[in-house]
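*Asks:* When you get a sec, could you give me coordinates for this:
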Amino acid sequence: MRKEISVSVEAVLSNPDLMTGDNINALTGGHGGLVIAMASAANCIGNDILKGKDIMLRAKNRPEIEVDEILRNAIGAAKGAGAIPANAALLSATLLYLAGTNARVGCPGANRKLGASARMIAGADKGGVLLIPLGKSTNKITAFPAVHAIYHAAMEGKLTKVKGADLPLLGPLYGHGSLSQDYVFPELCGNAARIGTEAMITAQSGMGMMPNPFISAVLATAATMEILHPDAEFEVMKDGKWVSTDTSEMTGEAAAKTAHLPEKLHFKGTNEELSTARVVGDLGLMFKDIGTPTVVGMLAFAEIMGCLAESGSGAGGGPLCAPMPHQIGADCAVVLRAISQTKSVERAAELVKLNKMSYLDPEMGMVAANTISRKIHGINPGPVTQAIIDATNAETRKAVERRAEESYAQLKAGKSVGDVVKSLDDGRRMTVEGSASKMFSGMLGKEVKVKVVKLTSGARMPHEMMKYYGFDIDADVEVSIDGQKIMMSGITQKIIPDIVIRGDNTYKDLLPLAAIPLLELCLSAHTIINLTTPTAVACAMKLTTPENAATAAENASYVTAAIPGTQPRARKVGELAVKMMKKK
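*Replies:* Just a heads-up that it's a prediction; the model follows:
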């Protein structure tokens, strides 16, 4: 390999901060996202699991058990990376739960709940479920609609046929007897969960948000568990036989059914099957006690839950590759699950790699995960980020080496830096088009071809006012189904408003076929090697200055340079290449 190429590869890979257009150094303090706090907590949990510590809640007659120490370590790491106490508690408890920890145990003495333990250890205030926000989805709401609807139903006598004013007595004769276990508990679980879930979904729609059924069910369950006996275990008759259950599982079952979730959820990679009622119920119970996380905390929670294929949560679990604040939440959960079950970091890395292969652009998925994991590993190293790095290192280096070799060949042949960058962005676009076409063909059972014809800024504003298309996308997409071509022009400024505001459904069924590849492309600034690599090679070859090369690279990049920040990073990579060549 020529020294110009090898130097350029080392310059591009030298610093995670220069691999992305996102400001990941700010993430170390929790500004803009909690991916670093989340993964730091995951590393602590992974270390403790590998040390043989017991992750289970147990009803022992002592003030502290081993899982409390695991929580304390994880919460401390999350706080150190910018998470407030409630967010640190939420992320640590969620990761532990997905690693295999039970949500509650014991009644009443030595009763322990995962959410409550995490909150107390973190030093977070209790708060109420009505204050818990959903993660931002353009707009945002809290769980207030669920709480509001459930309390109104209670005041109207719609939760249970039992009237408390008519009760002759309280205590075990009521709570452990037929009245509560055959009537009150099942009726409250079913009615409150249904009413709360419906209210959450309706409120999100009313805010111009696409409802998240899974999170809606979880928060409605939390609102129900806030008023219901949270530790009641009892038997119910199902299909002619007695089945053991508890209030959280029954509530989770009703909420999941209302949200039209499947009966089973599956862990990505392992395909391990989990009961939806149990997961929703356990998470709802956890949220009842966790305190008051913020929007960024809930966004990180959603990213973690992306480890479940049917959750529909998070942006970073594939098949799209998300910005850096949304990366590797699902990966962390998958790695912890694998480490808990196998004690093997190598097996965990295999699962991460397997999951990345399902992305529209697996190469970019690998590089993005590698970038943020290297950043975190340099701050709070541990087996979780190590597994992700091991899974993605080779592909990341290959991706940069290939671009360096292509850049060298094109520059040597007389092409400009801008020409090289455009060709690399062309390749990125065609990869996404091809993967999307294959995915849609399989889903529809027809030959589908998707081509992004136009991708620029200027949908609403003059181009000179907003040159970064990620904020003002003007896009045209051609979709071909079994040879029939349909051109969709003005996706954001015409077609979407036509569907939603004006009721014109001409392209409604076709819109997802165009939108998914567009989403993948407009998020491309998470990984900017298409700009930095040609800049480094041109500077190593002494063809231009870092500043001129970086400016030309950004101007030519119609895919990767979706947001501001790519040019100064490309310039720094070019400067590094110049310095390294002087030492050769």
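*Asks:* tell me the mean pLDDT over the helix or strand Ile75 falls within?
*Replies:* Take DSSP states H and E as the rule and Ile75 turns out to sit in helix 66-80. Taken as a whole, helix 66-80 has an average pLDDT of 97.
*Asks:* same check, this time on stretch 395-403
*Replies:* In this model, stretch 395-403 carries a mean pLDDT of 98.
*Asks:* which residues touch it?
*Replies:* Residues outside stretch 395-403 that contact it (CB atoms under 8 Å, 6 or more residues apart in numbering): 1, 5, 9, 12-13, 362-363, 366-367, 370-371, 424, 529-530, 533-534. In short, each C-beta sits where N, CA and C put it, glycine included.
*Asks:* hmm, back to that, which strands or helices does the helix holding Ile75 pack on?
*Replies:* Packing contacts for helix 66-80, counted by 3 or more CB pairs under 8 Å, 6 or more residues apart in numbering; DSSP states H and E, involve helix 35-50, helix 85-99, helix 114-122.
*Asks:* What helices and strands are in contact with the first one?
*Replies:* The reference is to helix 35-50. On a contact count with 3+ CB pairs under 8 Å, 6+ apart, helix 35-50 meets helix 24-27, helix 66-80, helix 85-99, helix 295-305, helix 329-342, helix 362-377, helix 383-412.
*Asks:* Let me know the next secondary structure element after the third one.
*Replies:* What that stands for is helix 85-99. strand 104-105.
*Asks:* Are we agreed that His266 is in a strand?
*Replies:* Yes - under DSSP: H, G, I helix; E, B strand; the rest coil, His266 falls within a strand.
*Asks:* what does the model give the nearest residue to it once chain neighbours are set aside for pLDDT?
*Replies:* Of all residues not flanking His266 in the chain, Ala309 sits nearest, at 4.7 Å (CB to CB, 6 or more residues apart in numbering). Predicted confidence (pLDDT) for Ala309: 94.
*Asks:* phi, psi of Ser137?
*Replies:* Main-chain torsions, Ser137, degrees, to the nearest 10: phi -130, psi 80.
*Asks:* so what's it bridging to?
*Replies:* Note on Ser137: beta-bridge partners by DSSP bridges are Asn139.
*Asks:* And it, how close does it get to Ser205?
*Replies:* Per CB to CB, to the nearest Å, Ser137 is found 11 Å from Ser205.
*Asks:* lowest-confidence helix or strand of this protein?
*Replies:* For the chain, counting by mean pLDDT, DSSP states H and E, helix 172-175 ranks last in confidence among helices and strands (a mean of 69).
*Asks:* Among the helices and strands packed on helix 35-50, which comes closest to Met286?
*Replies:* Across these, Met286 has its closest neighbour in helix 85-99 (5.7 Å, CB to CB).
*Asks:* mean confidence for that closest one?
*Replies:* Taken as a whole, helix 85-99 has a mean pLDDT of 98.
*Asks:* Please identify, among the contacts of stretch 395-403, the one with the most neighbours.
*Replies:* Each of the contacts of stretch 395-403 was scored for neighbours by other CB atoms under 10 Å, and Pro534 scores highest at 37 neighbours.
*Asks:* coming back round to it: out of Ser137 and Ser205, which sits in the more crowded spot?
*Replies:* In terms of neighbours (other CB under 10 Å), Ser137 is the more surrounded of Ser137 and Ser205; the figures are 18 against 11.
*Asks:* Which positions in stretch 350-364 come out as buried?
*Replies:* For stretch 350-364, a neighbour-count test (16 or more other CB atoms under 10 Å) marks 350-353, 355-356, 358-364 as buried.
*Asks:* Farthest-apart pair in these, please.
*Replies:* Distance extremes for the buried residues of stretch 350-364: the farthest pair is Glu350 and Leu360 at 21.2 Å, using CB to CB.
*Asks:* This protein - how does it break down into domains?
*Replies:* As assigned by automatic domain parsing, the chain contains the domains 22-127+299-394, 137-212+225-278, 424-522.
*Asks:* ok now do the most centrally placed residue in the chain, which residues does it touch?
*Replies:* The C-alpha lying nearest the average C-alpha coordinate of the chain belongs to Glu303 (CA atoms, centre = their mean; 2.1 Å). Glu303 sits next to Val35, Met38, Ser313, Gly314, Ala315, Gly316, Gly317, His326, Gln327, Ile328, Gly329, Ala330 when contact means CB under 8 Å, 6+ apart.
*Asks:* Take those residues and write them to CSV, including pLDDT, distance to Ala99 and neighbour count.
*Replies:* Output for those, formatted as CSV (pLDDT from 0 to 100; distance: CB to CB, whole Å; neighbours: other CB atoms under 10 Å):
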residue, pLDDT, distance to Ala99, neighbour count
Val35, 97, 18, 30
Met38, 98, 13, 35
Ser313, 89, 18, 23
Gly314, 84, 17, 25
Ala315, 81, 22, 22
Gly316, 81, 19, 28
Gly317, 83, 17, 30
His326, 94, 21, 27
Gln327, 95, 20, 34
Ile328, 96, 15, 33
Gly329, 96, 14, 32
Ala330, 96, 14, 30
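*Asks:* As a markdown table, those with distance to Leu521 would be great.
*Replies:* Converted to a markdown table, the contacts of Glu303 look like this (distance: CB to CB, whole Å):
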| residue | distance to Leu521 |
| --- | --- |
| Val35 | 22 |
| Met38 | 26 |
| Ser313 | 23 |
| Gly314 | 19 |
| Ala315 | 15 |
| Gly316 | 16 |
| Gly317 | 19 |
| His326 | 16 |
| Gln327 | 17 |
| Ile328 | 21 |
| Gly329 | 22 |
| Ala330 | 21 |
